[in-house]
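**Q** take a look and give me a structure for this.
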Amino acid sequence: MDNNITDTIYIKNMVCNCCTKVISQEFSKIGIFVISMELGKATINYNPDKINSNTIRKLLSENGFDLVSDREEVLVEQIKSTIIELVHYSNNVNSIIRKSDYLIEKMNMSYQNISKLFSKHEKITLEKFIILHKIERCKELVWHKEYTLSEIAYMMDFSSVQHLSNAFRKVTGITVTDYKKDGLLLKKPLDKLY
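**A** Take a look at the predicted model:
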């Protein structure tokens, strides 16, 4: 452990808590100690005589992830992680309603710069990315039948049930009502929404 170094790495395609568990387990198998990990980012400790960035990249790639090193790509991954955290894991409804404020605060950038940077590196706009994630979350909320459509529309920052229904149909090709009747989850993996 005397030769070990500590490094913070940025990881692409981390979209859920299961991802952090998989990566932690895989790192442990090859002798990488995880100091801390959150969506898109890990602080690790390892022996550089035995492990290098190619080893880490290969291990991540084998598990559906990738190492990010470009500064702008790191920021884009942080934007994605922030939106996923906000839409899928936050229980604070007010945070969802103030999504732009939340992003601005978390990224310490203007919303315009965040949006521009995101569009530069991804094949969709930031708004479309947010909508896709909100619809995926709506699918889950509808499927679990814990909330009414009005409550879901409010939680996901849609102005009305009609607004939610229109966005839902545009993204999925079916109405929320039909989705609710069929009782099928039809969820997509978060890293495969576009």
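**Q** isn't H88 right up against K187?
**A** No. H88 sits out of contact with K187 when judged by CB atoms under 8 Å, with a separation of 11.0 Å. Quick note: C-beta positions are derived from backbone N, CA and C, even for glycine.
**Q** more neighbours, those two?
**A** Legend: neighbour count by other CB atoms under 10 Å for H88 and K187, higher for H88 (16 against 12).
**Q** for the more buried one, helix, strand, or coil?
**A** Here H88 is recorded as helix under DSSP: H, G, I helix; E, B strand; the rest coil.
**Q** for it, what are its contacts?
**A** Listed by CB atoms under 8 Å, 6 or more residues apart in numbering, the contact set of H88 reads 16, 133, 136-137, 190.
**Q** please apply the same query to E136.
**A** Listed by CB under 8 Å, 6+ apart, the contact set of E136 reads 88, 187-188, 190, 193.
**Q** avg pLDDT for the longest helix anywhere in the chain?
**A** Ordering each helix of the chain by length in residues (DSSP state H) puts helix 126-144 first. Mean per-residue pLDDT for helix 126-144: 92.
**Q** next SSE downstream of it?
**A** The first helix or strand that comes after helix 126-144 along the chain, using DSSP states H and E, is helix 149-155.
**Q** and that following helix, how far from the chain's centre?
**A** Distance of helix 149-155 from the chain centroid (CA atoms, centre = their mean, to the nearest Å) equals 21 Å.
**Q** and it, what's buried?
**A** The neighbour-count check on helix 149-155 (16 or more other CB atoms under 10 Å) flags 149, 152-155 as buried.
**Q** picking that back up, mark which of the contacts of H88 are buried, thanks.
**A** With neighbours counted by 16+ other CB under 10 Å, these contain buried members at 133, 136-137, 190.
**Q** take those residues and lay them out in JSON lines including distance to K180.
**A** Output for the buried ones among the contacts of H88, formatted as JSON lines (distance: CB to CB, whole Å):
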{"residue": "H133", "distance to K180": "20"}
{"residue": "E136", "distance to K180": "15"}
{"residue": "R137", "distance to K180": "15"}
{"residue": "L190", "distance to K180": "22"}
